[in-house]
Each structure stands twice: as C-alpha cells, then as structure tokens.
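*Asks:* structure for this input, please:
(chains A and B)
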Amino acid sequence: MNRFAELLDRLVLTPSRNGKLTLLVDYFRTVEDPDRGLALAAITGDLTIAAVKPAMLRMLVTERMDPVLFGYSYDYVGDLAETVSLVWPQTPGNIPNREPTLGEVVAKLQAASRSDGPKVLAGLLDSAGISARFAIIKLVTGGLRIGVSARLAKQALADFGKLDVAEIEELWHGLSPPYMALFAWLEGKAEKPRNTAMALFRPVMLSNPVGDGDLEKLDPGDYAAEWKWDGIRVQAVAEGGIRRLYSRTGDDVSGAFPDLADAMHFSATLDGELLVGDPREATGTFSDLQQRLNRKTVTPKMQQQHPAFMRCYDLLQLGDEDLRALPFRERRGRLEAFVKTLDPSRFDLSPFVAFADWQVLEDLRRAPPHPIIEGVMLKRWDSPYVAGRPKGPWFKWKRDPHTVDAVLMYAQRGHGKRSSFYSDYTFGVWSGAEGEEELVPVGKAYFGFTDEELKQIDKYVRDNTVERFGPVRSVRADRDNGLVLEVAFEGLNRSTRHKSGVAMRFPRISRLRWDKPANEADRIETLQALLDR
Amino acid sequence: MRASDLLHPRPEGLYCPPGDFFIDPVRPVDRALVTHGHSDHARSGHRSVLATQQTLDIMGLRYGDDFAGTTQAARLGETIALDGVNVSFHPAGHVLGSAQISVEHQGMRIVASGDYKRRRDATCAPFEPIRCDVFITEATFGLPVFRHPPDTDEIGRLLKSAAQFPERSHLVGAYALGKAQRVMRLLRDAGYDKPLYIHGALARLSEYYQSQGIDLGILEPATVDGGKDDFTGAIVVGPPSAFADRWARRFPDPISCFASGWMRIRQRAKQGGVELPLIISDHADWDELTTTIKQTGAEEIWVTHGREEALVRWCELEGIAARPLHLVGYEDEGD
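*Replies:* Below is the predicted model of the structure:
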C-alpha cells in the first residue's frame, strides 16, 4: 500500500509527462502482481469499489478524536481525505505486523457490504500509516485526481513493454483488473493475451500537419480531400449485439451518447466525427456540441435539443471482414455503399472537396463554408488504414488561427527546466465603457515563444511585479503600462466558468508586441463577435 | 510570586523584571539571553548577550564579531545568577547550539524552550525535558495534522528519486542554519558519498558545523565558473528562496525539493511548485509537543509562535492550565 501511496504522491506533484511516465514504468517494474494491476485499474478508473460519503468519513474520525481539534485541523488543511489521513489516531494495543498491501485493501473493500463498509474502512485505516491512509481514503471516496489520464497509463504500459501504445489500446477493452496476463506478456514471460471480447477498439489512424514545402513534393492527383470537421473523432463498433463508441484514445464514451449508440444496428467498425444536429438539415456549432460533452448523464431534453450524429470517414471492418489493409479508394467505396443502409438522421458521409490543384484547395481551406470546419484533410488514395501517425499518407491542413492582441496580467513560474522562469501567462482584453475600461482575463498560454523571448518576458515580469501570490505574480497592466501579447488560438467557446464568458482553444503566444501601447489591445467585443458567428 | 511577575511579554520580547533581562528580544536591549542562532531569535545590537558558545559563534558568523557590546558563554546545565535570578541553559535539539532557558526565582521555575524538537539529530545535542512550574512551548506545528515521518524515510525518497531521474539534478531547499546541515548529514548517514553542491549562503555555516566535529563530507560550491559546469545527477542544497531565482538556471531540468515540516500539507508543496516534498523539520510535531508538555510536569503552559489555539485546547482537555503568549516579531515560517 505504501508504494502505491508514494506513487500517487509523486504523480500529483510531477508536472512533466516524461516524469510521470518514468514513475509509472518504475512502479510497474518493481511492484508485483496483483498490486501493480490494481494500481493501474485505480488510475484508469476501472476499479470498482463501493463509495464512502464524506459525511461518513467525518463521522468516523470525530468518534475517535475531539471534534474541536478536528475542526481546527480541517480548516487548516482544507481537504477532507488528507486531514483524516493525518489526524487518524493510532489505536493503542493494535499494532499490526506489517501494513496491508494494495491487494489486501482492495479485497477487503470489495467484499464489504453496505452496512459494514464503514467498519471495514476504519479497520483498514487503523492498520495503515499516514500516506497509506490517504491512498485508502482516495480509493473509497472516488477520483484519484492525480493528473494521469488512462491514455498516459497505457503509454506507460507500452514503454514498460517496449511496444507501440496502439497494441495496448487494441487489447485494452478485453482485459480486466488486475491485468496479470497483460503484465506477463509485457515482461516477456507469456504470449500476447488473446482477445475474445466483442466490439473492441481498433487503434486509429492520425494525420500530420502540412509543413512548409510539403505540398510542392506531392501530386494533387494522388490525394482525396475532405473537410476537417471540428467535433470529436470517434470509432463506432457494433458486434454480436454489443455497441460501443470509443474516443480516439480508446476510451469508451458510449454512455454520453445513448442516442447515437442506439442507432448502431449493424455489425461493423466505423471511423468518423461525432457532431450534433441533424445531418440532413444543419450541423451544430462547437458551442452546441459542447453542451453534450463531459456529462455523466444526458437528459432526454438534451438529446432532443442537440442530437448526436456521426459523419463517417472510413470503414475498418464489415461483418467478419477486416478492411484495414485495403487502399483508401476501395474502403471509401465500401463506406459509401454501407452508409446508405444506415439511419440518415444519425449517420452521413463526409463529403469530398473537389480540387484541381493545391491553390484551389488553399482558397477553400482559408474560407470554409461552415464554422465547425477547421480545415481540410488530405488522404492518399492508395493508403491502407494503419494505427498511429505515419508520415505521408494523411495530412491535416488547418485554417489559419485567429489572433487577438491581449495584455499580460499574471505570470506563473514553470516547472523543471522552467522552474526559475515566469513562463505561464494569463492575459486579458479590455472591457467596460470608455474611461472605465478594465482588463478581463480571457486565457492562459505557456508556449509559442522562443527561449530568448522567454528570458525577455521573465525580466519584464520581475521588473513590473505588483503583487505576489505564491508562484504567481501580478504584473502591472493598465491603460498606460503593460506588455501586449499577440495570442493565436483555434477557436472560441462560450464559458460560464470564466468572467469574460469566453474560453480559447489552444491559445499560444504568437508575437510579443513591445511596440504596441496597452490601451490599443483588443476589446472583449472583438472576441464576442467571433462567438456569434 | 506569580509566574507573570517573573516573565512576561513586552514589545521587545519576553522580559524578566527581577533579573532585568530579555529572552530572544527582537529589538536591541541591554541584556539579552538568546536561545539559538536563527535570525528571528538572535538579533544584533544588544549591549550584552548571554548564550551558548555555539550560538555566539553563529551570531558572529552572521552579523560580524561586533554583533553585541559584550558576550558571555553559558555552559549547558550551569547555573548563572543574574540579580538574584538563577538562569541555566539546557539543550533544545533544534539546531547546533540551541538551548532552552530555565529561569528560577523564589521557588518558581519557568522554562522558555525557544524552538525545539525531540527527534534524533546528529547535528545537535538532544532535547532534555526540565521539570518546571511553567513551560513555555513553541507551537509552529501545533495542530494534530503535523506528524513528521522518520527523517531517514524522507532521505530515502530523495535518494530513490535521484536514482530514478539520473539525467536531472535535485535542488533541495533547506534553511541555511541547521536544516541544510542536517539534510547533508542524513545523506551521508544513508551512504551517499558523492560531493554535495551548496549555494554560497550555506558555505560559512556549513564550514562551522564541520569545525565542530559534524562531518558533512565534501561540499563543493554550486558555481558555474571555476567549478563544475554540468550538474547532471547532482544533489544541490541551498536556501529555498534561491530556487525560484535566476541562480537556479544553471541546473539541468531540476527537480525542486523542499525540506520542511510544512511539506506535510500537499497544498503547500503544490503552491510552492515543489515536486519532491521532504518532510524534515527542526520543530516538534504534534505528538512531540504533547509528550513534552506532560514530561515537564508543568502546571501551566504558555503557548507561543504558531498555532496556539489547538495546543491550548488540548491542554484544556488534559486538565492543564494553558494560555497563548502573544509575542511579536517571530516568523510563522519558522521551519
């Protein structure tokens, strides 16, 4: 349990992706079965343990210590799980020979009935030290919140076994905790686990951005072009009565889109874009789509207002036939015929964009006919469907980003190589009536500048600090003083979380405008106009 | 006599009227008794200072030889009469030279503990509980959430991380007096025998520790010119403030570590951008505070600098009279 607790503690404070991978791979290497598999399941959210409510936890601890002292403690720490793990009194006379393993803890928690759950939890807390107690409480209160996605955990497995992550993704949905067969394979001690489960995820094919000079070397005749739709890339798999929608990283998102899943009356694997609206009439904007994202439950009203549909790009499997090795031209023909058999309110075909040469396509790319199109896709007619991001067969050619001139408001110190630099910037634009303008924050960016520019901004921040809060500095920014940053971004979402009402997608610093006076930075109305388009 | 007639707070610090002296005054006074060398307790500019020899040495290193008009070294356990008041110094286990001060007059004994801890520390003499009528305790970590783990475990985590990330450097933030030397000594005791790299602010104090027979091994300056130009895999020790500074840019992709009792609270580590918190403290944790209070047998407890309310509450529950003693000028960040 202590090794798992230590892993959680390190992961939550390690900002870099590579650092997290190192910690995870090390854990998989040094910890035995079934603990490492249970830890993996806890991280990917595949571990089922009956939840304990915070009120119950509080009751358990105040039965054991003075409630006033607990109150002081909780006020100071601010996090219930952490407070309880720290103040939990060691029961005198109850000294176990050793602390429980993760396997023992999980087994006890899973075996506990609803009524004796609290007693079992208290017994476990009695038997563990401070960091193990924290980990136990995190397991029972749900949600580790350690900044590790299921995708990153799979990447760590791939690194551990020196494999491509696509191999893990393809297997993943047929496996279950504690993943002993998987680890045995990764360590070279057993054959690759055979996958017998239905409706599995097939690792998706991704594209590369069009770089400078790429197109000059390519023959337009070798490529088909489609619009690049800005929804969610999904894979729809139906097999043997099982229907699943997977995200592009292999997470099962069927639960959020029951309306679309219900329409999957087929036995096939489709690749496409999830969008909202009715494909026969109008495609919804990204703001509309946002209404359907990150929800645990979807109300019938929501499904009616913003019905989900799939714009199909590719056909990977039809019945028992795996089509992935066929050239795109052939798969596309099969797809066109297949989509005709599907519910037209839920599935349509991603149309081709006709073009004679790159210049024609360039013009189309710059001025797409719908706000949810973010550019064009190029696909070689002869390309098979392969997992990952091979260079050459598929390209994405995005519309130019939007830009806005904003004023630097706050700067935060970075991590690792940047720990002595103020490298994360919050910027704002003007709002309010003339003479009463104030800056409202509209986003945060931490890349897009060169190392030399980083040094310059860092110096500016240090020289113009107004206030400090921990690692954050508030920078002088008013009508007469301030650093103007040209910020590039891909799109704008409506936001209720931000005071400005907007949230940028992929913001980055595109230029430092040392020359521009702060009062000439953009106003919030400029951004609002983009929203309403 | 009442205890408050023997010692009570004044703006300058804790004052003893019959002996006419202050303990750890924060402003210049005629006669000062100093518990230990941390700068919020040991200030310069007093007419006379009574402290342990090591504390006097440390004050000399920090402020220059003329930090006080006259100085007198107190030997541990020896009684000194000051205008009829008997004072004696006893080890506090906080940092090298740190002492509790016992003040006795007309059958009443008050012990001002200064800062103290109860854990074993190879860089200073261990705390000795003194029986007394009134015990003045610090409360830096006076909340039940503060329970320091064994320091050897924390050093073990640092060494494990150094092995896991050999391509990076580890920057350990530690206060220049006491904590830094303790961390270095713990590393040596754990078998780490490579050179340690130190920030300039640590050099003289560390040299002094070594001259007092506390072996810290080879310490190299963490400077670029004339020294090592590649800090890959190195462990570097310096004051915490230096790591946010431009000074830290010479290190390759550093992992910032901070050795402090505050690191017990995850949010504190997170806010400070600390990647590897090391819970190593020179102050007593909650269990040490409550154990010590019982061991002194004191009928009354005065609680100072820190979270007084929780410790006062605990004393109430135990049937011990207690009150907060509001002293000004000591840093909350006393770790």
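*Asks:* how many residues are close by the residue in the stretch 1-150 of chain B that chain A sits nearest to?
*Replies:* Residue of the stretch 1-150 of chain B nearest chain A, by CB to the nearest CB: residue B:145 (4.1 Å). In this view, the C-beta of every residue, glycine as well, is placed from N, C-alpha and C. A total of 25 residues lie near residue B:145 under the criterion other CB atoms under 10 Å in any protein chain shown.
*Asks:* who touches the nearest residue to it once chain neighbours are set aside in this structure?
*Replies:* The shortest distance from residue B:145 to any non-neighbouring residue, by CB to CB, 6 or more residues apart in numbering or on different chains, is to residue A:86 (4.1 Å). Applying CB atoms under 8 Å, 6 or more residues apart in numbering or on different chains to residue A:86 gives the contacts A:73, A:77, A:130, B:144-147, B:264.
*Asks:* one more time with 7 Å
*Replies:* Residues in contact with residue A:86 (CB atoms under 7 Å, 6 or more residues apart in numbering or on different chains) are A:130, B:145, B:147.
*Asks:* what's the answer for residue A:316, then?
*Replies:* Neighbour list for residue A:316: A:202, A:269, A:271, A:323-324, A:385 [criterion: CB under 7 Å, 6+ apart].
*Asks:* residue A:529 sits in which helix or strand?
*Replies:* helix A:524-531 (DSSP states H and E).
*Asks:* the helices in the stretch 201-335 of chain B, which residues?
*Replies:* Applying DSSP state H, counting those that start in this stretch to the stretch 201-335 of chain B gives helices spanning B:203-211, B:266-271, B:286-296, B:308-318.
*Asks:* and these, which one's lowest on average pLDDT?
*Replies:* If the helices of the stretch 201-335 of chain B are sorted by mean pLDDT, helix B:266-271 sits at the bottom with a mean of 88.
*Asks:* domains for the chain, by residue range?
*Replies:* Just going to use chain A. Domain segmentation of chain A under automatic domain parsing yields A:212-394, A:402-531.
*Asks:* that's the wrong chain, I wanted chain B
*Replies:* Listed by automatic domain parsing, the domain ranges of chain B are B:3-145+B:283-324, B:151-278.
*Asks:* just to revisit the earlier point, which ones among the contacts of residue A:86 map onto helices?
*Replies:* residue A:130 (DSSP state H).
*Asks:* ok, of the contacts of residue A:86, which one's closest to residue B:135?
*Replies:* Set against residue B:135, the nearest of the contacts of residue A:86 by CB to CB is residue B:147 (21.3 Å).
*Asks:* that closest one against residue B:288, yeah?
*Replies:* No. Counting by CB atoms under 7 Å, residue B:147 sits too far from residue B:288 to count as a contact (9.4 Å).
*Asks:* the helices in the stretch 101-250 of chain A, which residues?
*Replies:* A:102-111, A:117-127, A:130-141, A:150-161, A:165-172, A:180-186.
*Asks:* can I get the domains of chain B in CSV including distance to residue A:19?
*Replies:* Formatted as CSV, the domains of chain B follow (distance: least, CB to CB, whole Å):
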stretch, distance to residue A:19
domain B:3-145+B:283-324, 28
domain B:151-278, 7
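*Asks:* right, and those domains - which one's nearest residue A:192?
*Replies:* domain B:151-278 (28.7 Å).
*Asks:* picking up where we left off before, which residues touch the residue of the stretch 1-150 of chain B closest to chain A?
*Replies:* Residue B:145 neighbours (CB under 7 Å, 6+ apart): A:73, A:76-77, A:83, A:86-87, B:264.
*Asks:* any idea how many residues pack against residue 184?
*Replies:* I'll assume chain A. 15.
*Asks:* please go with chain B instead
*Replies:* With other CB under 10 Å as criterion, residue B:184 counts 27.
*Asks:* next one: residue B:200
*Replies:* Residue B:200, neighbours per other CB under 10 Å, totals 14.
*Asks:* the nearest residue to it once chain neighbours are set aside: how many residues sit nearby?
*Replies:* Of all residues not flanking residue B:200 in the chain, residue B:221 sits nearest, at 6.6 Å (CB to CB, 6+ apart). Neighbours of residue B:221 under the rule other CB under 10 Å: 14.
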